[in-house]
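Colleague: make a model of this:
(2 chains)
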Number of protein chains: 2
Amino acid sequence: MLPRGRSRALGAAALLLLLLLLGFLLFDWRLRGAAALDGDPLAGPRDRNPSDCGPRPPPPPPKCELLHVAIVCAGHNSSRDVITLVKSMLFYRKNPLHLHLVTDAVARNILEMLFRTWMVPAVRVSFYDADELKSQVSWIPNKHYSGLYGLMKLVLPGTLPAELARVIVLDTDITFASDIAELWALFTHFSDTQAIGLVENQSDWYLGNLWKNHRPWPALGRGFNTGVILLRLDRLRQAGWEQMWRLMARRELLTLPATSLADQDIFNAVIKEHPGLVHPLPCVWNVQLSDHTLAERCYSEASDLKVIHWNSPKKLRVKNKHVEFFRNFYLTFLEYDGNLLRRGLFGCPSQPASGAEQLQQALEQLDEEDPCFEFRQQQLTVHRVHVTFLPHEPSPSRPHDVTLVAQLSMDRLQMLEALCRHWPGPMSLALYLTDAEAQQFLRFIEASPVLAARQDVAYHVVYREGPLYPVNQLRNVALAQALTPYVFLSDIDFLPAYSLYDYLRASIEQLGLGSRRKAALVVPAFETLHYRFSFPRSKVELLALLDAGALYTFRYHEWPRGHAPTDYARWREAQAPYGVQWVADYEPYVVVPRDCPRYDPRFVGFGWNKVAHIVELDAQEYEFLVLPEAFTIHLPHAPSLDISHFRSSPTYRGCLQALKDEFHQDLSRHYGAAALKYLPALQQPWSPARG
Amino acid sequence: MLPRGRSRALGAAALLLLLLLLGFLLFDWRLRGAAALDGDPLAGPRDRNPSDCGPRPPPPPPKCELLHVAIVCAGHNSSRDVITLVKSMLFYRKNPLHLHLVTDAVARNILEMLFRTWMVPAVRVSFYDADELKSQVSWIPNKHYSGLYGLMKLVLPGTLPAELARVIVLDTDITFASDIAELWALFTHFSDTQAIGLVENQSDWYLGNLWKNHRPWPALGRGFNTGVILLRLDRLRQAGWEQMWRLMARRELLTLPATSLADQDIFNAVIKEHPGLVHPLPCVWNVQLSDHTLAERCYSEASDLKVIHWNSPKKLRVKNKHVEFFRNFYLTFLEYDGNLLRRGLFGCPSQPASGAEQLQQALEQLDEEDPCFEFRQQQLTVHRVHVTFLPHEPSPSRPHDVTLVAQLSMDRLQMLEALCRHWPGPMSLALYLTDAEAQQFLRFIEASPVLAARQDVAYHVVYREGPLYPVNQLRNVALAQALTPYVFLSDIDFLPAYSLYDYLRASIEQLGLGSRRKAALVVPAFETLHYRFSFPRSKVELLALLDAGALYTFRYHEWPRGHAPTDYARWREAQAPYGVQWVADYEPYVVVPRDCPRYDPRFVGFGWNKVAHIVELDAQEYEFLVLPEAFTIHLPHAPSLDISHFRSSPTYRGCLQALKDEFHQDLSRHYGAAALKYLPALQQPWSPARG
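Modeller: Numbering: from 1, shown residues only, chains lettered A, B, ... in the order given. As a prediction, the model looks like this:
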């Protein structure tokens, strides 16, 4: 074995202790960027002379301690921002975290689903209803762009659980460049009476000399920035914080018309009056990137930076000497694959995220040698879901309203504009994207006047994971988010007749769907093989194109069985809706009530995903009614990558048969003998020509 | 201003010193995972009792010091691996780096281009020719999968510059989870005679008890792993390293048939004989993830990990309790956008990467308000280029050989299989991808038997950056990498006639291209608007399809001018090649010598990119010869995202006109009055129907 030399090591202990101390004083303090106890919080760590004030060692980050973080978040855009903040926090964290999110209904809907599906180990999330808190701050006039929500940090001591003593409060436009536990550790630097840890404001705003008659709220010197706050909630409650800030705000509002910087003005006014409350934090914990801020005085090298604060309305376009550096840092987390943050904290005992343990067990029980392993794995995968990724304003509810439901990935984005022109009603679309693609998608929408104008289209991002396209899981996400009583279950390559939206609502009313009849309205499907063609304005035009060979019934050449029961010959002549019977392989596009059966998520990749859903509708005794004036047309496209991969594979077909067998077993379990009807259809081998 | 309390801080100094020392002993030493001086290198930091041996403070990482790193890298796959290693290193580094790369010709070709185009500030790269070193190690029989290159670390002291005293040597399958400067700092722990810093081997291999008659090379105990080495080159040279290891290897090879673990066996044999040379490093600096390694004994929590070593042939599929964690870590860097690592080290004075400074200046001079700002920015962008991303084996050179040259992005991958069936010759393809997409592409190729079998197709990844598709920059990358005397300049949506490859070579020979004639051979282009069609096997079949309306001449409906000069009526009847004259807007697909003019990179996005190249050929007096039996057919596809964005924009067309004007100015400068010929063509407004 190796020479160990323990005796030598023991003998050198005294010398080492000395060296240790010396090395520590000279270097480590500098590297961690911690400020001296009461030093100028703006001074960079390298600007200070250690003899000016007692050097303060960076406190050790608390091992495995649960850290509490509070964030106020409202609306669609802030919900996106907060995720980037959380990603940066999770990337560096080594402690279990408890997030306290004060949210409006929109943000709660988004973030609840996101965290439930993200399943990050050792992260707990609690929600607090911002709307309930509004009355506590709505009396304060506020000019800041954050609006009413910008003031809510003031009421956190009364809102968070009474037993919670300490919390870090963050704005949504924060990016971590270090472990949050190092920030948490600064609580130990508080004196016995300090209750609010803050970084000095890195602009001259509170000096009141920015322009003539500039009258900011009162503050100590430059004042403090409230983008990052260490709150001793226990002490604030004890000190009567509620009265304190209200009193101060009322007093100032006698002479000032409104707050300019929301909560920050009031925090500063209170601190000016009670300076003993504040504990100044080293400036590296809130490097403020507004134009013309003094942030550059704070750090001298990249490793000094701990927390970056994009507190300018210009965000990434802010002017700063090192903005390229900061931007790259921000983009790192914006585009970071959030799935990679599901890694556990194996050094700390922690509860697995709800559901994560069973999932892990199920995944471990899979046999890697099973030829259908990829299918099994994909079926079990829980995809992170970010619903209403972009601002969404549902249109006022119309009677019998119908939402178009579809799913897509990046390679079909170019369908969206045409779809918007063809369907003026609400849409609920699931997009299968990576984190980086989601940003491309965002830019794509912003660059399109047609798409940017449509607030009634809800885009739900389902994050990619695994080799097979989870088509039915995507459909179910889009379906679950539809808000109207009816849904049109479409596919992204189809353009509906221009009149379809109005016609469907009229038909639903006339047919008395829902209350009187349980029916699926069939929208006959056609296809064009020509890439460029002029879309028919009416059924008459459509029939003319059909006769001219410019259009075909859908899958006429490859798989006519899929739509044969629609009976196109009858449709040609039909003046009124007519009923048709289910037949094996029927897969029409239908309009159904929103509470229809979900798609079977076991069908991943391609094949049988829609057919199985129609079987389910039939088993539940939905009537199939073909609408005489409805139509939708499939546009040609190159085969998707996934499909060309698998269509030709015998293994793939074998696995699909196994899925079908299992599907039928489940059908039998639910519907008993009635399910026998579907057995022949399920035993038929799958044709690779089908979609 | 704030109360400072300096006197209090000063007064508390003594207490602080004590606290500091205590805190340090208890926590910091644990967190940094540094091992004690001569402690058991395998023991995790938490397993040791601080009283066992003097605790050693982690040395401060050296501020701004230039760190040297040596890596041996050969072949296409290792070149990909080394980039992931470098990304992880750059992500955490805060020091300037000098990489010393010992490479074969393949790796040098790839990495030289990569680093030149990556332009990372404060990174210098030197290359050393591995082939010249072969003779120094080729006498050693080696059974390890790394082959001869696995032995080359032994000759580094003689290979690296004589003035270089210290270097960190890394295997390509290493991922950093911390700042490499912390590793470099461990040099200061070396005693006066130690020269090789190594982590103990985390398997029982060298204990020699793995199976009956298992006879490993001699080693101290478990021996050491050479995936991460701190080398004092100066001391090794002084100690006569060259003789030392050769002697040892010769001696052992008298009784052992070969090395099993390449250089590692020899390093261990030398160390067994000269234990004073080795400085054991803390095990966290080389956490070895083979199956059944003892790595888990090394770390107790994620923050302990410093360097992860994928030293199993199974790589990411290795069995390990925390493999999910490690895999996520690895994938983080595999898919990380390397462009984001171009951020500077603003704390250290450093030379900008060659060319980077001028580029930065040019970018800064752009006017953000210019409506063509995006064009200007895109033109200036230097894209990272990874040539021959996948293994590539050029086919033996045939006379008059022709390489098909094209470019594509992710949405056209599904064209590759068909293209391979139509073109049995060499291809050089540029792919415009993100780092994450490059991995998807890799999996796509591996999953396709057709593509995986083709070693004569070279794929060059150009990394995405900016909003416009840099079509001509991509074409130039693919063109520059073609190895045959002739190139067929095609586009990815075209499938050539099955016979085209043979026919072109025969034609080139017959026409005496190159030596006798400066000509561009025109391959007439057709298109199908039907997505499914049966590809004509001959000119006769093609003409029949044309007459039946199943095929058209290319862009017949939208822009016949682009190919009109090819004279399809004449081609129908032609039995021999015929010359045609350049006319405005002509943009045929041509076969030219490899040294033809490059495409003009100013044309980014869509429009005029090919037309300008044909103008250039005409200006350089290339003869245009239409081949009577050649044809290529364009398949329909949805418009790419980029094109649908811009086709309709008047700004876009305005910018294109500006580019054309500048192009003509340059033409006039080069060709004088002869360029007047092209003026009318350049002043014509661009039609949005064109590609």
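
Colleague: which helix or strand contains the closest residue to chain B within the stretch 151-300 of chain A?
Modeller: Going by C-beta to the nearest C-beta, chain B is nearest to A:G221 of the stretch 151-300 of chain A, at 4.6 Å. (Each C-beta comes from the backbone N, C-alpha and C, glycine too.) If you go by DSSP states H and E, A:G221 is not part of any helix or strand.

Colleague: what does the one 4 residues further on give?
Modeller: If you go by DSSP H and E, A:N225 is part of strand A:224-232.

Colleague: list the buried residues of that strand.
Modeller: Residues A:224-232 are the ones in strand A:224-232 that count as buried (16 or more other C-beta atoms under 10 Å in any protein chain shown).

Colleague: so which of these are also by chain B?
Modeller: For chain B, no contacts are drawn from these by C-beta under 8 Å from any C-beta of the partner chain.

Colleague: export those residues as TSV, with columns for pLDDT.
Modeller: Listed next are those as TSV, based on pLDDT from 0 to 100:
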residue	pLDDT
A:F224	97
A:N225	96
A:T226	97
A:G227	96
A:V228	98
A:I229	98
A:L230	98
A:L231	98
A:R232	98
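
Colleague: out of the residues you listed, which is nearest to B:N95?
Modeller: Checking the buried residues of strand A:224-232 against B:N95 with C-beta to C-beta, the nearest one is A:V228 at 28.5 Å.

Colleague: so the closest one touches A:V284, yeah?
Modeller: No - taking C-beta atoms under 8 Å as the definition, A:V228 is not a contact partner of A:V284, at 10.5 Å.

Colleague: counting by contacts, list what the longest helix along chain A packs against.
Modeller: Secondary structure of chain A per DSSP state H: the longest helix is helix A:650-671. The helices and strands touching helix A:650-671, judged by 3 or more C-beta pairs under 8 Å, 6 or more residues apart in numbering or on different chains; DSSP states H and E, are helix A:609-619, helix A:679-683.

Colleague: let me know which of those helices is the nearest to chain B.
Modeller: In terms of C-beta to the nearest C-beta, the element of the helices and strands packed on helix A:650-671 nearest to chain B is helix A:609-619, at 20.3 Å.

Colleague: can you give me the buried ones in the closest one?
Modeller: Quick answer for helix A:609-619 (16+ other C-beta under 10 Å): A:609-619.

Colleague: okay if I get the helices and strands packed on helix A:650-671 as JSON lines plus distance to chain B and mean pLDDT?
Modeller: Formatted as JSON lines, the helices and strands packed on helix A:650-671 follow (distance: least, C-beta to the nearest C-beta, whole Å; pLDDT from 0 to 100):
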{"stretch": "helix A:609-619", "distance to chain B": "20", "mean pLDDT": "94"}
{"stretch": "helix A:679-683", "distance to chain B": "27", "mean pLDDT": "78"}
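
Colleague: out of these, which is closest to B:W423?
Modeller: Evaluated over the helices and strands packed on helix A:650-671, closeness to B:W423 peaks at helix A:609-619, with 35.4 Å, by C-beta to C-beta.

Colleague: the strand or helix carrying A:A520: how far from the chain's middle?
Modeller: Secondary structure assigned from DSSP H and E places A:A520 in strand A:519-523. Mean-position distance between strand A:519-523 and its chain equals 33 Å (C-alpha atoms, centre = their mean, to the nearest Å).
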